[in-house]
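Novice: Predicted model and sequence below, questions to follow.
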Amino acid sequence: MARETVLSDKPLPHNDEAERTVLGAVLVDNAAMNAAAEILTRDDFYRESHRRVFEAMAALSERSQPIDLVTLKEELSRGSALEAAGGVTYLAALLDGVPRISNVLDWSRIVKEKAVLRSLIHASNRIVQSCYESEEDVATVLDQAEKSIFDIAERRVREGFVGLR
């Protein structure tokens, strides 16, 4: 009996609330950008608008400029990305409901974990496709699959040192 692999049509893993809250936390307290940037990159955000906002925040931070609604709006406008980022109204809405700035690392980890899961899904789909196409020998396909999974494992969030007790 032949079996077909059906790839899921479910939405990819993401947490919109965690993404918005990280961005809002940076707007409230620019020091949160340092904490978020330790864990996140632009590509860890699921929504393109969030990627653009984070990228603009990172650019402002690199130039040691304050990150607030005025400077962020200007940075996004300069790159013709303001509307793609949701516009001024969306930027202002990022400030709504930011619980506690001290939790930015936790929210960043959630965003990163979802990004790792998306990467794993994409890699798995590529592995499945290469298995069906099987243009390479089995050892090569296996090596490529192993490398793609290993690369994802290297990018995941790692905990710092943990006490022995």
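Specialist: Structure's in. What do you need? The structure displayed is predicted, hence computed values, not measured ones.
Novice: where in this structure is pLDDT low?
Specialist: Counting by pLDDT under 70, the ranges of the chain that qualify are 1-8, 157-165.
Novice: Looking at it, which helix is longest?
Specialist: Counting by DSSP state H, the longest helix found in the chain is helix 104-133.
Novice: Buried residues in it, which are they?
Specialist: 104-105, 107-116, 118-120, 123, 127, 130 (16 or more other C-beta atoms under 10 Å). Yep, even glycine has a C-beta here, placed from its N, CA and C like the rest.
Novice: just stretch 46-63 next, same as before
Specialist: 46, 49-61.
Novice: most centrally placed residue in this structure?
Specialist: When C-alpha atoms, centre = their mean is applied to the chain, the residue found nearest the centroid is residue 44 (1.3 Å).
Novice: Need the contact partners of the next helix or strand after the longest helix of the chain.
Specialist: Counting by DSSP states H and E, the next helix or strand C-terminal to helix 104-133 is helix 138-155. Here helix 138-155 makes contact (C-beta atoms under 8 Å, 6 or more residues apart in numbering) with 116, 119, 120, 123, 126, 127, 130, 131, 134, 136.
Novice: How many neighbouring residues does the residue nearest to the fifth one when sequence neighbours are not counted have?
Specialist: Looking back up the chat, that one is residue 126. The shortest distance from residue 126 to any non-neighbouring residue, by C-beta to C-beta, 6 or more residues apart in numbering, is to residue 148 (6.8 Å). By other C-beta atoms under 10 Å, 18 other residues sit near residue 148.
Novice: if I look at residue 148, how far off is residue 25?
Specialist: 32 Å (C-beta to C-beta, to the nearest Å).
Novice: what do you get for residue 69?
Specialist: 14 Å.
Novice: Then residue 39?
Specialist: Separation of residue 39 from residue 25 (C-beta to C-beta): 13 Å.
Novice: ok, back up a step: contact partners for the closest residue to the residue nearest to the centre of the chain other than its chain neighbours?
Specialist: Spatial nearest neighbour of residue 44, excluding adjacent residues (C-beta to C-beta, 6+ apart): residue 115 at 3.9 Å. By C-beta under 8 Å, 6+ apart, residue 115 lies in contact with 43, 44, 45, 46.
Novice: Please look at the third one and residue 20 and confirm they touch.
Specialist: Meaning residue 45. No - counting by C-beta atoms under 8 Å, residue 45 does not reach residue 20; the two are 10.0 Å apart.
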